[in-house]
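>>> One predicted model, sequence on top.
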Amino acid sequence: MLKDLLEARLAPALRAAGAPEGSAVALTVSTKPEFGDYQMNGAMGAAKRLKRPPRELAEAVLAHAQLEDLVSEASIAGPGFINLRLRESVLEEQLSTFTTRVLDPKAPSREAGRVVIDYSSPNLAKEMHVGHLRSTIIGDALARCFAHAGWEVLRQNHVGDWGTQFGMLLAYLNTLETGDGAPAAEAELADLEQFYRKAKARFDEDPAFAALSRETVVKLQQGDPTCRAAWQRFIDVSLSHCEALYGRLQVTLTRKHVRAESAYNDALAGVITALRDRGLLTESEGAQCVFLEEFKGKDDAPLPLIVQKSDGGYLYATTDLAAVRYRCDDLEADRALYLVDKRQGLHFKQVFAVAEAAGFITRPCSFEHMPFGTMLGEDGRPFRTRAGDVVKLADLLDEAERRAEVLVAEKNPDLDAAARTEIAKAIAIGAVKYADLSKHRNNDYVFSWDAMLSFDGNTAPYLQYAYSRIQSLFTRAQVAPEALSAGLSLGAPQERSLALTLLRTEDVLTQVREQGLPHLLCTHLYEVATAFTAFYEHCPVLSAPEERLRDQRLALAHCCGETLRQGLELLGIPVVQRM
RNA sequence: GCGCCCGUAGCUCAACUGGAUAGAGCAUCGGCCUUCUAAGCCGAGGGUUGCAGGUUCGAGCCCUGCCGGGCGUGCCA
């Protein structure tokens, strides 16, 4: 990539100019087009450490750097910025292999490794609501990004299927089925949210039922066959609800990615034993705990990670420790990413630290909590409807598709109903996902129907629109992209700018994987689409003065279209040929 | 009390990890459809980056102290 090319020349020059070992080149995209294409800021940083005048060092760097074949202009500005303008031939050469080198998923990958991505992980006791959107969508985008770069991706849907609440739900299911018969149960299960609420109400008002619920949990965890069978049926129904949503959202999770909490049940006792063998286990107030030096609670009191309750029951820390072992030993992951709410930050810090101390991390594997913020309502409180309920994911998608269909019908009345619905779905999914993906995951964010279902400005439909315009160019020109052989023209500023933007894609994708931040890709694709639109407005393609120029511009448009298509696909957002 | 996160334009968010004059979208105002899709484009206004210090050639970003908000802090997940 461009940045690598330049860095390969600048890093030795920086050393040759006398900069200390490990000095960063600090190459960034120019803040202003007038300055050039890229700027190197590292001379100033190195000069500070050397206590030398920064401009002098910058000059020395330029004197040592061999840049002639890459750069047409190099100059020093301000306190010691080195501004670089790339040769057009370099851009053209890089771009000519861009789609096969960077975009093609079958391109020889420069990264190889195995990454576990733990995401979505809904609680099967309830229906999925908008709060599950973030983990599901961000995780899925990351899974796609890693897979694209050549990683082996192991999706792990760590669904909650084993908590205390399942006793209650099973007991309720049982009363329905032994009462008026099975049809009632079937009907009730169709709406898990209702089902949960009714079971909870019964639990709260009927002590006998509450007692039965608690017995049921014990029976379930002991492996009682009848109980297990009922539980399995409930889980199946709930999972099929999730799958329906994954399908609608075009999320890549399937049943084979489910690795539920219950799957670790048999490993929990082993976790306790192993901790005891390592001398890490301490009994405190009746519970089995691990105390590590680095974790302090109130008044500097030691803060435990409780792994077994005083009644003998295990906790989610125990399950997560078992999952660490599984992901490390059995899955042999190099990285394990946890897309989980940031409120669990301390929990994962403790779990990972205990796993390390216990020797559970038996091979070089990086365990990383990738936290995300809470979805808030417009009042700044955790998101609820007016009635105090959560918004169901299914309802959000229904509304998104409804609004999109109205808009498509209005913008493009000639489409037949089938095409209209298909386009509306793509737009709806895109808008909903992009609204979430385009924000920095670490921050809380405000849910707004209108913002989430907006189709104007920095939204997925804007990107999809740019793509469909490119497709339209090819439809009208009646040329296949593969047939273009005139090379590229990058003379116009808009052409050059679009090329430069496209050539940043690889760096962006690397950063997305390193930091687990898909919003960087959103921002980049928006810049691509913006650069394309400027090009489209200023550089006539089909009516270009010469056929050669037309073909060159078509080639550039094709590069851009492929970037948008592939980029959107990495975000899990479909493109459409027309809209 | 302690710990983590956050505070950026009226609103919603960015800012390539310390770089040049802090950028987008929505909203507001003005302009552009007999030439490739107006879901678009061009332009305008809008900022003491919560406050006060400090570090340095340079701070939204780092350090200190305040103010304000969220979350977490032993047997739920």
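Everything's here; your move. Numbering: from 1, shown residues only, chains lettered A, B, ... in the order given.
>>> For chain A, which strand extends over the most residues?
Determined from DSSP state E, the single longest strand within chain A is strand A:287-296.
>>> just how off-centre is whatever helix or strand comes next after that strand within its chain?
For strand A:287-296, the following helix or strand on the C-terminal side (DSSP states H and E) is strand A:302-308. A distance of 31 Å separates the centroid of the chain from that of strand A:302-308, by C-alpha atoms, centre = their mean, to the nearest Å.
>>> Likewise for stretch A:432-447?
The chain centre lies 11 Å from the centre of stretch A:432-447; the measure is C-alpha atoms, centre = their mean.
>>> Tabulate the CA atom coordinates of that stretch in CSV.
This file holds the C-alpha atoms of stretch A:432-447, laid out as CSV (Å, rounded to 0.1, in the frame of the first residue of the first chain):
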residue,chain,number,x,y,z
VAL,A,432,-30.1,0.0,10.5
LYS,A,433,-26.7,-1.6,10.5
TYR,A,434,-24.8,1.5,9.4
ALA,A,435,-26.4,3.7,12.0
ASP,A,436,-24.9,1.4,14.6
LEU,A,437,-21.6,0.4,12.9
SER,A,438,-20.7,4.0,12.0
LYS,A,439,-20.3,5.0,15.7
HIS,A,440,-17.3,4.4,17.8
ARG,A,441,-18.3,1.3,19.7
ASN,A,442,-16.9,2.3,23.0
ASN,A,443,-19.4,5.2,23.6
ASP,A,444,-23.0,5.0,24.7
TYR,A,445,-25.2,6.0,21.9
VAL,A,446,-28.7,7.4,21.6
PHE,A,447,-31.3,5.4,19.8
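>>> That stretch near RNA strand B anywhere?
Yes: Stretch A:432-447 reaches RNA strand B (C-beta under 7 Å from any atom of the strand) through A:Ser438, A:Lys439, A:His440, A:Asn442, A:Asn443, A:Asp444, A:Tyr445, A:Val446. Just so you know, the C-beta spots here come from the backbone N, C-alpha and C atoms, and that holds for glycine as well.
>>> Can you convert the residues you listed into TSV and add a column each for secondary structure?
Below are those laid out as TSV (DSSP: H, G, I helix; E, B strand; the rest coil):
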residue	secondary structure
A:Ser438	coil
A:Lys439	coil
A:His440	coil
A:Asn442	coil
A:Asn443	coil
A:Asp444	coil
A:Tyr445	strand
A:Val446	strand
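>>> filter those residues to the buried ones?
A:Ser438, A:Lys439, A:Tyr445 (16 or more other C-beta atoms under 10 Å).
>>> Between these, which sits nearest A:Gln221?
Nearest to A:Gln221 among these: A:Tyr445, at 37.5 Å, using C-beta to C-beta.
>>> Okay, the closest one and A:His369: tell me how far apart.
Distance of A:Tyr445 to A:His369, computed by C-beta to C-beta, to the nearest Å: 19 Å.
>>> ok, now A:Thr459?
From A:Thr459 over to A:His369 the distance is 29 Å, taken as C-beta to C-beta.
>>> residue contacts, the closest residue to A:Leu500 other than its chain neighbours?
Distances taken as C-beta to C-beta, 6 or more residues apart in numbering put A:Asp37 closest to A:Leu500, at 5.8 Å, once the chain neighbours are dropped. By C-beta atoms under 8 Å, 6 or more residues apart in numbering, the residues touching A:Asp37 are A:Leu2, A:Val29, A:Ser30, A:Leu84, A:Arg85, A:Leu86, A:Leu500.
>>> Using pLDDT, spot the least trustworthy of those.
On pLDDT alone, A:Leu2 ranks lowest of the contacts of A:Asp37, at 91.
>>> Correct me if wrong: that one contacts A:Gln94.
Yes: using C-beta atoms under 8 Å, A:Leu2 is in contact with A:Gln94, at 6.4 Å.
>>> who touches both of these two?
Jointly contacting A:Leu2 and A:Gln94 under the rule C-beta under 8 Å, 6+ apart are A:Leu503.
>>> and for stretch A:59-68, what are the contacting residues?
Residues outside stretch A:59-68 that contact it (C-beta under 8 Å, 6+ apart): A:6, A:9-10, A:12-14, A:16-19, A:40, A:43, A:74, A:76, A:82, A:84.
>>> give me the residue from chain A nearest RNA strand B.
A:Gly457 (2.0 Å; C-beta to the nearest atom of the strand).
>>> Need the pLDDT of that residue.
Confidence score, pLDDT, at A:Gly457: 95.
>>> Shouldn't it be within a helix?
No: inclusion of A:Gly457 in a helix is not indicated when three-state DSSP is applied; the result is coil.
>>> Next, count neighbours for it.
Number of residues near A:Gly457 (other C-beta atoms under 10 Å) recorded here: 8.
>>> wait, what's in contact with it?
Not one residue lies near A:Gly457 by C-beta under 8 Å, 6+ apart.
>>> and it, how far is that from A:Thr563?
To A:Thr563, A:Gly457 is 20 Å away according to C-beta to C-beta.
>>> Could I get the buried residue list for stretch A:63-81?
Across stretch A:63-81, burial judged by 16+ other C-beta under 10 Å covers A:His64, A:Ala65, A:Leu67, A:Leu70, A:Val71, A:Ala74, A:Ile76, A:Gly80, A:Phe81.
>>> Identify the residue nearest the second one in space, chain neighbours excluded?
Just to be clear, that refers to A:Ala65. A:Ala13 (3.7 Å).
>>> what's the burial count for that neighbour?
Neighbours of A:Ala13 under the rule other C-beta under 10 Å: 21.
>>> quick one: what helix or strand has it in it?
Assigned by DSSP H and E, A:Ala13 falls in helix A:2-16.
>>> what's that helix packed up against?
When contacts are defined as 3 or more C-beta pairs under 8 Å, 6 or more residues apart in numbering; DSSP states H and E, helix A:2-16 sits against strand A:27-29, strand A:38-40, helix A:42-50, helix A:54-64, strand A:81-86, helix A:88-96.
>>> in its sheet, what does the fifth one sit against?
Applying DSSP bridges to the sheet, strand A:81-86 is found paired with strand A:38-40 (antiparallel), strand A:71-77 (antiparallel).
>>> which residues are contacting the first one?
If you take C-beta under 8 Å, 6+ apart as the criterion, strand A:38-40 is touched by A:2-3, A:6, A:10, A:25-31, A:61, A:81-84, A:86.
>>> which of the residues you listed are close to RNA strand B?
Intersecting the contacts of strand A:38-40 with the contacts of RNA strand B gives A:Ala26, A:Thr28, A:Val29, A:Ser30, A:Thr31, A:Phe81, A:Asn83 (criterion: C-beta under 7 Å from any atom of the strand).
>>> what's the burial count for the fifth one?
Burial measure for A:Thr31: 9 neighbouring residues, criterion other C-beta under 10 Å.
>>> helix/strand/coil for it?
Here A:Thr31 is coil, with the state taken from three-state DSSP.
>>> How about the contacts made by it?
Listed by C-beta under 8 Å, 6+ apart, the contact partners of A:Thr31 are A:Gln39.
>>> next one: phi and psi at it?
A:Thr31 adopts backbone torsions of phi -70, psi -30, taken as degrees, to the nearest 10.
>>> Let's see the pLDDT reported for it.
For A:Thr31, the model assigns a pLDDT of 92.
>>> And for the worst-scoring helix or strand of chain A on mean pLDDT, what's in contact with it?
Among the helices and strands of chain A, helix A:182-189 carries the lowest confidence by mean pLDDT, DSSP states H and E, at a mean of 73. Here helix A:182-189 makes contact (C-beta under 8 Å, 6+ apart) with A:Leu173, A:Leu176, A:Glu177, A:Gln194, A:Phe195, A:Lys198, A:Phe234, A:Val237.
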